[in-house]
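**Student:** 3D model of this:
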Amino acid sequence: MKHFSWKTLRPAGIYLDHNASTPLKLRVADVMRKFIDTEYGNPSSGHWAAIEAKSALETARIQVAQFLACSPSEIIFTSGGTEANNLALKGAWFSPTRKGNHIITSAVEHDAIRSPLRFLQKLGAKVTVLPVDSNGRVTPETVIRAIRPETMLISIMHANNETGTVQPIEEISSIAIDHNILFHTDAAQSAGKIPTCISELGVDMLSLAAHKMYGPKGVGALFVRRGVRLAPHNHGAGHESGRRAGTESAMLTAGFGAACALAKVKSYEPVRQLRDYFWAQLTQNFGDMVQRNGSDEHCVPNTLHVSFVNHVGAEILDQLENVAAATGSACHAGCIDMSPVLIAMRTPVHIGMGAIRFSLGHQNTQLEIDTIVARLKTILS
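**Tutor:** Below you'll find the predicted structure:
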């Protein structure tokens, strides 16, 4: 693995929005390039032009499986994390082995979970949305209380995309196993940052998105434990062993596989240290004006979600020129709404409206953090 490069193209500004998307690693781009230049075959074709594409597809499947410590046959390639989530939820609902019509989820899930569940509710699904504590965590006790005889599926994200809060997936999976309920987790924000070993998490299904872990956009994967039967929501020529129709992209899957191989050998500890340095500088310079949202103890190492009390995060971010970050708030006709995640955490409005999510990556530096803090001092003075 030592020959893998961990370099990316340097952006013009300061990029602190890695939870939205990560830059493509140069090593990943190198792996993909030949499928742009010369290798154009369809992996499903039966002639010479398909050999390289088919080989790249299966190599990538092995690399993703090794990253999760599962079998390659348990990996289904998709167009991204959103499709993986849709396949998990809708596939379980339409499965010929489905028992019951009740689904449990949390109040802090991504739209890629909430929207498919709203669709399934129109078809008769009964959905229980679990509350979270002030740190944004679901408690195993609330999961147990929500279970009914007709509960067929639990879907709780591994790490929240806004606050970075990590859920007690191992404990919830034990509950799901005890009650013979399928358990799915959206790991798009945790993969590559914290361990996602299937045997440790204990889940039946797990979603990944390549562009959240320095791979290309447009490709993801769903882990489906052997023996779990899902109904495909794409119908066509029976690709992915009949589980997801649609011609696979050798280029994108090869890049995804390379990103997974890189993630296995790259530590996020330097990113964690830089994130903690950033928080220390904010508290040192702004005191009680700045508060941290989410869990300090249970958080992915790159995410710093803070609120500037009695300020509006979007307005602060507008003045941080050439800094890419996010607020989580929504703007409608000049009105700013607080993030639904912070609302679920019962964050007071005067704190929640000042929220900004800084999500760091491997290429960020202490100089960039010092630059942002200095600009914030000017803006908030």
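**Student:** C-alpha from now on. contacts and neighbour counts both.
**Tutor:** Noted.
**Student:** Which strand or helix spans the closest residue in space to A29 that isn't next to it in sequence?
**Tutor:** Closest residue to A29 apart from its sequence neighbours, by Cα to Cα, 6 or more residues apart in numbering: G255 at 6.8 Å. In this structure, G255 sits in helix 250-265 according to DSSP states H and E.
**Student:** which secondary structure elements does that helix contact?
**Tutor:** For helix 250-265, the elements it packs on are helix 26-37, helix 51-68, judged by 3 or more Cα pairs under 8 Å, 6 or more residues apart in numbering; DSSP states H and E.
**Student:** any idea which of these is most buried?
**Tutor:** Of the helices and strands packed on helix 250-265, the one with the most neighbours on average (mean count of other Cα atoms under 10 Å) is helix 51-68, at a mean of 21.
**Student:** can you give me the helices for the stretch 251-381 of the chain?
**Tutor:** 269-286, 313-319, 340-344, 349-352, 366-380 (DSSP state H, counting those that start in this stretch).
**Student:** Wait, G91 touches P232, no?
**Tutor:** Yes - if you go by Cα atoms under 8 Å, G91 and P232 touch, sitting 5.8 Å apart.
**Student:** quick revisit: and the helices of the stretch 251-381 of the chain as CSV, adding distance to V203 and mean pLDDT?
**Tutor:** Listed next are the helices of the stretch 251-381 of the chain as CSV, based on distance: least, Cα to Cα, whole Å; pLDDT from 0 to 100:
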stretch, distance to V203, mean pLDDT
helix 269-286, 26, 98
helix 313-319, 36, 94
helix 340-344, 24, 96
helix 349-352, 32, 95
helix 366-380, 37, 97
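**Student:** want to try CSV for these, with mean neighbour count and distance to A250 as columns?
**Tutor:** Shown next, in CSV, are those (neighbours: other Cα atoms under 10 Å; distance: least, Cα to Cα, whole Å):
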stretch, mean neighbour count, distance to A250
helix 269-286, 17, 31
helix 313-319, 17, 39
helix 340-344, 20, 36
helix 349-352, 21, 43
helix 366-380, 14, 36
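**Student:** would you list those helices in CSV and tack on distance to R114?
**Tutor:** Converted to CSV, the helices of the stretch 251-381 of the chain look like this (distance: least, Cα to Cα, whole Å):
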stretch, distance to R114
helix 269-286, 29
helix 313-319, 24
helix 340-344, 12
helix 349-352, 21
helix 366-380, 34
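**Student:** which stretch among these comes nearest D133?
**Tutor:** Shortest distance between D133 and those, using Cα to Cα, is found for helix 340-344: 8.2 Å.
**Student:** So which residues make contact with that closest one?
**Tutor:** Under the contact criterion Cα atoms under 8 Å, 6 or more residues apart in numbering, helix 340-344 has outside partners 107-108, 131-132, 136, 162, 352.
**Student:** Now the two most distant members of these.
**Tutor:** Farthest pair in the contacts of helix 340-344 (Cα to Cα) is P131 and G352. Separation: 17.5 Å.
**Student:** that older thread, in JSON lines: the helices and strands packed on helix 250-265, plus mean pLDDT.
**Tutor:** Shown next, in JSON lines, are these (pLDDT from 0 to 100):
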{"stretch": "helix 26-37", "mean pLDDT": "91"}
{"stretch": "helix 51-68", "mean pLDDT": "93"}
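**Student:** Which one of these lies nearest to F308?
**Tutor:** So among those, helix 26-37 is nearest, using Cα to Cα, at 36.2 Å.
**Student:** The closest one versus helix 51-68: what angle between them?
**Tutor:** 160 degrees (axes from the mean of the first three to the mean of the last three Cα atoms, to 10 degrees).
**Student:** How is this structure divided into domains?
**Tutor:** 24-265, 269-380 (automatic domain parsing).
**Student:** any idea where the strands of the stretch 101-250 of the chain begin and end?
**Tutor:** For the stretch 101-250 of the chain, applying DSSP state E, counting those that start in this stretch gives strands covering 102-106, 126-130, 151-155, 182-186, 205-209, 220-224.
**Student:** How about exporting the fourth one as CSV, limited to the C-alpha atoms?
**Tutor:** What follows is the C-alpha trace of strand 182-186 in CSV, where atoms were taken according to Å, rounded to 0.1, in the frame of the first residue of the first chain:
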residue,chain,number,x,y,z
LEU,A,182,-33.6,-6.3,10.1
PHE,A,183,-31.2,-3.4,11.0
HIS,A,184,-29.8,-0.9,8.5
THR,A,185,-27.3,1.9,9.1
ASP,A,186,-26.3,4.8,6.9
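**Student:** who are the neighbours in contact with the nearest residue to G218 once chain neighbours are set aside?
**Tutor:** Once flanking residues are discounted, G218 sits nearest to S79: 4.9 Å by Cα to Cα, 6+ apart. Counting by Cα under 8 Å, 6+ apart, S79 makes contact with 218-221.
**Student:** Run a quick neighbour tally on F256.
**Tutor:** When neighbours are counted by other Cα atoms under 10 Å, F256 registers 34.
**Student:** so who does it touch?
**Tutor:** Contacts of F256 by Cα under 8 Å, 6+ apart are 28, 60, 64, 210, 215-216, 219-220.
**Student:** Run through this structure and note the low-pLDDT ranges.
**Tutor:** Low-confidence segments of the chain, defined by pLDDT under 70: 1-11, 44, 46, 329-335.
**Student:** who's in contact with the closest residue to K264 other than its chain neighbours?
**Tutor:** The shortest distance from K264 to any non-neighbouring residue, by Cα to Cα, 6+ apart, is to F67 (6.3 Å). For F67, the contact set (Cα under 8 Å, 6+ apart) comprises 196-197, 260-261, 263-264.
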